[in-house]
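**Student:** sharing a model prediction with you, sequence too.
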Amino acid sequence: MAGVTGSIPVAPTIAHHNPLSDFFSLYSHEFVRIACCVPRTRVADAAFNLAETLRLAREGDAAGTAIMVFPELGLSSYAIEDLLLQDALLDEVEESVAAVVAASAALFPILIVGAPLRVAGRLYNTAIVVHRGAILGVVPKTYLPNYREFYEKRHFVSGANVIEPRIRLAGQEVPFGTDILFRSTGSVPLTFHVEICEDIWVPVPPSSHAALAGAEVLVNLSASNITIGKAEARRLLCGSQSARGIAAYAYSAAGPGESTTDLAWDGHAAIFECGDQLAETQRFDPDSTTVRADIDLGRIRQERLRNNGFADCAMLEGERVRRFRKLDFVLDAPAQSVALDRAIERFPYVPSDPARLRDNCYEAYNIQIQGLVQRLQSSRTERAIIGVSGGLDSTQALIVVCRAMDQLGLPRSNVLAYTLPGFGTSDKTYRNAWRLMKALGVTAAEIDIKPAARQMLGDIGHPFGKGEKVYDVTFENVQAGLRTDYLFRLANQHRGLVVGTGDLSELGLGWCTYGVGDHMSHYNPNGSVSKTLIQHLIRFVAASGDVSAETAAVLHDILDTEISPELIPAGAGGAIQSTEQSVGPYALQDFNLFYLTRLGYRPSKIAFLAWNAWHDADRGAWPANLPDGTRRAFDLAEIRHWLQLFLRRFFTNQFKRSALPNGPKISSGGSLSPRGDWRAPSDGSPDVWLAELEQAVPKG
């Protein structure tokens, strides 16, 4: 039949590999738009139900939707009991199927509709998959509920009882069975599977084996009457199935118009991806409703590549996985550009939802404390040595050290904290370092590194040693190295452990002085905390009751300080050295770091996501408590520029990450430790990534 071929594997065409494809269309970046529809129906009125189905289908076509899922038995209605065995109704349903097929020829979406069908003297509860004037296949329901309010075995035969693998329907010979995967070989490559209602409620749903066989989108046509608490059970089932199957799960149930003789209907439809709920209908809507979501197939594919247990499970399940027929068809992206309609967090490490952010900060803070406590115990060390600059990173590390001492029952005087002012130290950070150390009750001291730095610069013949104002990388690293050198020697002297302060963002950019510099410590609790998260950790601590009012006031003052290494003297007008002017805005660079290392996305997709997250400051949610002036936008040219810089720095600084000190993995976005998460060669080249960025991302 037209549009369907055999099961010979075909290498899909990937639209986003084409540098001439539309950069701003979701279909150029492994996204696919899915809709779950709840049409208003009339009991046993196939003509009315057909008209409403086609009306919603045309709306989905206008919205650039690729897959549209309709409810179980939607063309006939579900709750019609023995009317399901009436020839007049079944004849009209078959005519409605033919009408759907004919109408689909002019529509972009794949339409998946529910209908009762007579096959070989049996009646099946089926899902019919239609695209561009062809029936791609028909899937019967496997598990028929016959308990409590359900009596489906009175009318239907299970899909496990299929005699004929192909049937005649709407003038076409089409595949029939529960062993079908639908696979697009067009410019929108995807594979999906269809199951029906009760199939998701059993211990091993058919979609479990389908996912292992390659299905990325799992579809469920349901009727599912509503009782108290049942909606949450559906969310749990569908969400967990999408998580275990590393897949998207699209669920659509019957709604208004179904018979309420003995049951009621809430029109519940929802879409999930890898355990995350992306969209859900407003239940009990009296009219037809549709809910859409843009599924990230790239995320699903990347997660499956990483999860070798997924492949092992497929192997162990054996014949149950191999039995699937893969039916190929062509789904090409629509000619018009389809803008992404999906919430992209501006800060992948910092959720915009206040409750989630609070929970994340609680967990991160306690992971940091637990890690340091264990290291102090295992090393039989009762003193901690730390440098305090008055900046964000050392502030959070010092708080963690103090809480670790509290948990160990040791006095905070065992924390030996040093401020080590250099040539670029500002009055504000210097004062705040002292204020913080005093407020926390640690043993505080100061070592002025400027004399030693002058001596070293003079010894090596640096121009600064002769009085010239040369502030190059050597000038900076002499100071950074001396600070760390002092801390390690102090640790020797006091039998203590040097606590590191550098964060994940600095490691990603290589913005740290290698070896005897801020790169090194005995243990670093900040090592997998991003710069964008660390400010929220400090806010969390300030509001937690863990610190005094005096300490909280200092923390808020530190939060208002510009990020700077403070290694170069202030410039004209007292302007301090700005980190973000050198390595880019941490907001963007943390975004780039997350999607490159956690999900392995191409630079073009990272840029596409960043543009959607950042090009409009008024669009989408922001994390709570951000300082005034930080809610800004970035255009594509800025995003492209800073991503290019990130790629160069990320690859060329791997050698620093290959020699990291110990520290706990904290973030779901990963760690850059070669033991905790990220393993990469120190001599890797960024050329492939830079070339893809150059070819696939417009210059603005």
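**Tutor:** Looks like it arrived, so ask away.
**Student:** where does residue 251 land in three-state SS?
**Tutor:** The local conformation at residue 251, judged by DSSP: H, G, I helix; E, B strand; the rest coil, is strand.
**Student:** buried stuff in stretch 64-81?
**Tutor:** 64-80 (16 or more other CB atoms under 10 Å). Where C-beta positions appear, they are placed from N, C-alpha and C, glycine not excepted.
**Student:** hmm, I was thinking of stretch 137-153
**Tutor:** Result for stretch 137-153 [16+ other CB under 10 Å]: buried residues 137, 138, 139, 140, 141, 142, 143, 144, 152.
**Student:** list the contacts of that stretch.
**Tutor:** By CB atoms under 8 Å, 6 or more residues apart in numbering, the surrounding residues in contact with stretch 137-153 are 4, 72, 81, 117, 119, 124-129, 154, 156-160, 162, 167, 169, 174-178, 180, 182, 194-199, 201-202, 206, 225, 262-263, 327.
**Student:** just the buried members of those?
**Tutor:** The buried subset of these (16+ other CB under 10 Å) comprises 4, 72, 117, 119, 124-129, 156-159, 162, 167, 169, 174-178, 180, 182, 194-199, 206, 225, 263, 327.
**Student:** narrow those to those in helices?
**Tutor:** Of those, the ones assigned to helices by DSSP state H are residue 206.
**Student:** packing partners of the lowest-mean-pLDDT helix or strand in the chain?
**Tutor:** In the chain, the helix or strand scored least confidently by mean pLDDT, DSSP states H and E is helix 579-583, which has a mean of 91. If you count contacts as 3 or more CB pairs under 8 Å, 6 or more residues apart in numbering; DSSP states H and E, helix 579-583 packs onto helix 586-597.
**Student:** show residues contacting the helix it packs on.
**Tutor:** In contact with helix 586-597 (CB under 8 Å, 6+ apart) are residues 346-349, 504-505, 508-509, 530-532, 563, 579-580, 583, 601, 605-606, 609-610, 613-614, 630, 634, 638-639, 642-643, 646-647, 650, 669-670, 672, 677-678.
**Student:** buried subset of those, written for PyMOL?
**Tutor:** Applying 16+ other CB under 10 Å to the contacts of helix 586-597, the buried members can be selected in PyMOL as follows:
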select buried, resi 346+347+348+349+504+505+508+509+530+531+532+563+579+580+583+601+605+606+609+610+613+614+634+638+639+642+643+646+647+650+669+670+672+678
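**Student:** strands - which of the contacts of helix 586-597 land there?
**Tutor:** Using DSSP state E, no member of these falls within strands.
**Student:** from the contacts of helix 586-597, which land in helices?
**Tutor:** Mapping the contacts of helix 586-597 onto helices (DSSP H) picks out 504-505, 508-509, 531-532, 579-580, 583, 605-606, 609-610, 613-614, 638-639, 642-643, 646-647, 650.
**Student:** surely residue 99 touches residue 50?
**Tutor:** Yes: assessed by CB atoms under 8 Å, residue 99 is found in contact with residue 50 at 5.7 Å.
**Student:** show me which of the two is the more surrounded one.
**Tutor:** With neighbours defined as other CB atoms under 10 Å, residue 99 and residue 50 compare such that residue 50 has more, 23 against 18.
**Student:** how about the nearest residue to that one, chain neighbours excluded?
**Tutor:** residue 96 (4.2 Å; CB to CB, 6 or more residues apart in numbering).
**Student:** and the one you found, what is it in contact with?
**Tutor:** Residues near residue 96 by CB under 8 Å, 6+ apart: 46, 47, 49, 50, 75, 115.
**Student:** which one among the residues you listed gets closest to residue 189?
**Tutor:** residue 115 (28.2 Å; CB to CB).
**Student:** and the strands in the stretch 451-600 of the chain?
**Tutor:** Assigned by DSSP state E, counting those that start in this stretch, the stretch 451-600 of the chain shows strands spanning 497-498.
**Student:** show me the shaky parts of it.
**Tutor:** 572-574 (pLDDT under 70).
**Student:** likewise for the chain?
**Tutor:** Within the chain, the stretches with pLDDT under 70 are 1-21, 572-574.
**Student:** which residues touch the residue of it positioned farthest from its centre?
**Tutor:** For the chain, the largest distance from the centre (CA atoms, centre = their mean) belongs to residue 466, which lies 53.2 Å off. Counting by CB under 8 Å, 6+ apart, residue 466 touches residue 458.
**Student:** can you check residue 334 too?
**Tutor:** By CB under 8 Å, 6+ apart, the neighbours of residue 334 are 27, 64, 108.
**Student:** quick revisit: sec struct for the residue nearest to residue 50, please.
**Tutor:** helix.
**Student:** from residue 123, how far out is it?
**Tutor:** 16 Å (CB to CB, to the nearest Å).
**Student:** what's the answer for residue 545, then?
**Tutor:** For residue 545 relative to residue 123 (CB to CB), the value is 65 Å.
**Student:** so for the two, which residue has more residues nearby?
**Tutor:** residue 123 (16 against 8).
**Student:** mind listing what that one touches?
**Tutor:** Residue 123 touches 84, 85, 90, 116, 117, 155, 156, 157, counting by CB under 8 Å, 6+ apart.
**Student:** spatially nearest residue to the first one, not counting backbone neighbours?
**Tutor:** For residue 84, ignoring the flanking residues on the chain, the nearest one in space by CB to CB, 6+ apart is residue 155 at 4.6 Å.
**Student:** isn't the one you found right up against residue 86?
**Tutor:** No: applying CB under 8 Å, one finds residue 155 not in contact with residue 86, separated by 10.8 Å.
**Student:** which of these two has more residues huddled nearby?
**Tutor:** A direct count of neighbours by other CB under 10 Å for residue 155 and residue 86 places residue 155 higher, at 17 against 13.
**Student:** can you list the residues that contact the top helix by length along the chain?
**Tutor:** In the chain, assigned by DSSP H, the helix with the most residues is helix 354-378. If you take CB under 8 Å, 6+ apart as the criterion, helix 354-378 is touched by 350-351, 381-382, 384, 396, 400-401, 403-404, 407-408, 497, 499, 522-523, 525-526, 529, 533, 536-537, 539-541, 623-624, 662-664, 666-667.
**Student:** contacts for whichever helix or strand comes after that helix, please.
**Tutor:** The first helix or strand that comes after helix 354-378 along the chain, using DSSP states H and E, is strand 384-387. When contacts are defined by CB under 8 Å, 6+ apart, strand 384-387 is touched by residues 372, 376, 394, 397-398, 401, 404-405, 414-420, 483-484, 487, 490-491, 494, 496-499, 501.
**Student:** in helices only, show me those residues.
**Tutor:** 372, 376, 394, 397-398, 401, 404-405, 483-484, 487, 490-491, 494.
**Student:** and the residue nearest to residue 583 when sequence neighbours are not counted, what does it touch?
**Tutor:** In space, and not counting its chain neighbours, residue 583 is closest to residue 509: 4.9 Å by CB to CB, 6+ apart. By CB under 8 Å, 6+ apart, the contact set of residue 509 is 583, 584, 589, 646, 649, 650, 653.
**Student:** identify the farthest-apart pair in those residues.
**Tutor:** Farthest pair in those, by CB to CB: 584 and 653, 14.1 Å.
**Student:** before we move on, the earlier item: now the longest helix of the chain: buried residues?
**Tutor:** 357-358, 360-361, 364-365, 367-373, 375-376.
**Student:** cool, stretch 643-658 as well?
**Tutor:** Buried, per 16+ other CB under 10 Å, within stretch 643-658: 643, 644, 645, 646, 647, 649, 650, 651, 653, 654, 656, 657.
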